[in-house]
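*Asks:* Structure here, sequence nowhere to be found:
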């Protein structure tokens, strides 16, 4: 299930807060950034099945949804050096 | 005091943080700043005294600020004044006059560069009828929810100085 509007706003606010703390440049307006959060959440919603199908049958059956999300989270964290 | 002359200067160290929605104290290159959130309105309050050489004109409040992350977009500042009239104003509660907005202020083109932007007041009720030789408080708000104008700047706005000049 996609995030609710308040949850998307929470993500948007957290991204800006974190980047402000790091003083990392965000070279676009905050409304465009909010739209990006919505787009990414929609993309996650649309591609859940695709992600699950990329796993072996054993992994599909043996891992919980949270564990599958954790794998993706850890890979993204290392690939892009984000926390 | 002629037009354009400086009457008071406040730094983040003068801030008297309000109980609700306070801006957050921070340092940038060891410079004290106040961080104003991009999604929720936040405020800072400064207490001052309008000197005797104030000539009775309007006031121009110049806000010196930086953007934490943005190099594009606009932020919107608002300022309100509270007069402390002798034997009249009850300081047990706030009595700020209405906020004035400076409209949209463009983020500096390089992160770390300061922007100087004004919020103006006409003499009289607009500035809570404040006169010379009186104490006052000045409340600064980032209008992050775009009530008075569209604030579309991503990330925090960092307030470094507040300068009060006679218009």
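*Replies:* Yes, it's here. The structure displayed is predicted, hence computed values, not measured ones. Numbering: from 1, shown residues only, chains lettered A, B, ... in the order given.
*Asks:* ranges for the helices of chain A?
*Replies:* Counting by DSSP state H, chain A has helices at residues A:5-22, A:30-46, A:48-53, A:57-62, A:65-80.
*Asks:* Identify whichever of the ones you listed lies nearest to residue B:146.
*Replies:* helix A:30-46 (9.6 Å; Cβ to Cβ). The C-beta positions use only the backbone N, C-alpha and C, and glycine is treated the same way.
*Asks:* Contacts for that closest one next, please.
*Replies:* A:1-3, A:8-9, A:11-12, A:15-16, A:26, B:38-39, B:73, B:151-155 (Cβ atoms under 8 Å, 6 or more residues apart in numbering or on different chains).
*Asks:* beta partners of residue B:139?
*Replies:* residue B:45, residue B:80 (DSSP bridges).
*Asks:* Enumerate every residue touching the residue nearest the centre of chain B.
*Replies:* For chain B, the residue nearest the mean C-alpha position is residue B:140 (3.5 Å; Cα atoms, centre = their mean). Residues near residue B:140 by Cβ under 8 Å, 6+ apart: B:23, B:43, B:44, B:45, B:46, B:61, B:63, B:77, B:78, B:79, B:159, B:162.
*Asks:* Show the contacting residues for the third one.
*Replies:* When you say that, I think you mean residue B:44. B:12, B:15, B:17, B:18, B:22, B:23, B:34, B:36, B:139, B:140, B:159.
*Asks:* you'd agree residue B:110 is in a strand?
*Replies:* No. Applying DSSP: H, G, I helix; E, B strand; the rest coil, one finds residue B:110 to be coil, outside a strand.
*Asks:* so it makes contact with residue B:71?
*Replies:* Yes. Counting by Cβ atoms under 8 Å, residue B:110 does reach residue B:71; the two are 6.6 Å apart.
*Asks:* Could you check which of those two is surrounded by more residues?
*Replies:* Taking other Cβ atoms under 10 Å in any protein chain shown, residue B:110 and residue B:71 do not tie; residue B:71 has more neighbours (19 against 10).
*Asks:* ok, now how distant is that one from residue B:11?
*Replies:* Separation of residue B:71 from residue B:11 (Cβ to Cβ, to the nearest Å): 25 Å.
*Asks:* Ok, residue A:1 next?
*Replies:* 48 Å.
*Asks:* more neighbours, these two?
*Replies:* Under the criterion of other Cβ under 10 Å, the comparison of residue A:1 against residue B:11 puts residue B:11 first, with 16 against 5.
*Asks:* who in chain A is up against chain B?
*Replies:* A:9, A:12-13, A:16-17, A:19-31, A:33 (Cβ under 8 Å from any Cβ of the partner chain).
*Asks:* Name only those of these that count as buried.
*Replies:* Using 16 or more other Cβ atoms under 10 Å in any protein chain shown as the burial test, those include A:12-13, A:16-17, A:19-20, A:23, A:25-26, A:28-30, A:33 as buried.
*Asks:* The closest residue to residue A:23 other than its chain neighbours: what's it in contact with?
*Replies:* Distance criterion Cβ to Cβ, 6 or more residues apart in numbering or on different chains; nearest residue to residue A:23, sequence neighbours excluded, is residue B:68 at 5.5 Å. Going by Cβ under 8 Å, 6+ apart, residue B:68 touches A:19, A:20, A:21, A:23, B:35, B:111, B:155, B:156, B:157, B:158.
*Asks:* What about residue B:68? Give its phi and psi, please.
*Replies:* Phi and psi for residue B:68, reported as degrees, to the nearest 10, are phi -70, psi -40.
*Asks:* ok, back up a step: out of the contacts of residue B:140, which two sit at the greatest distance?
*Replies:* Taking Cβ to Cβ, no two of the contacts of residue B:140 sit farther apart than B:23 and B:61, at 15.5 Å.
*Asks:* Many thanks, I have nothing further to ask.
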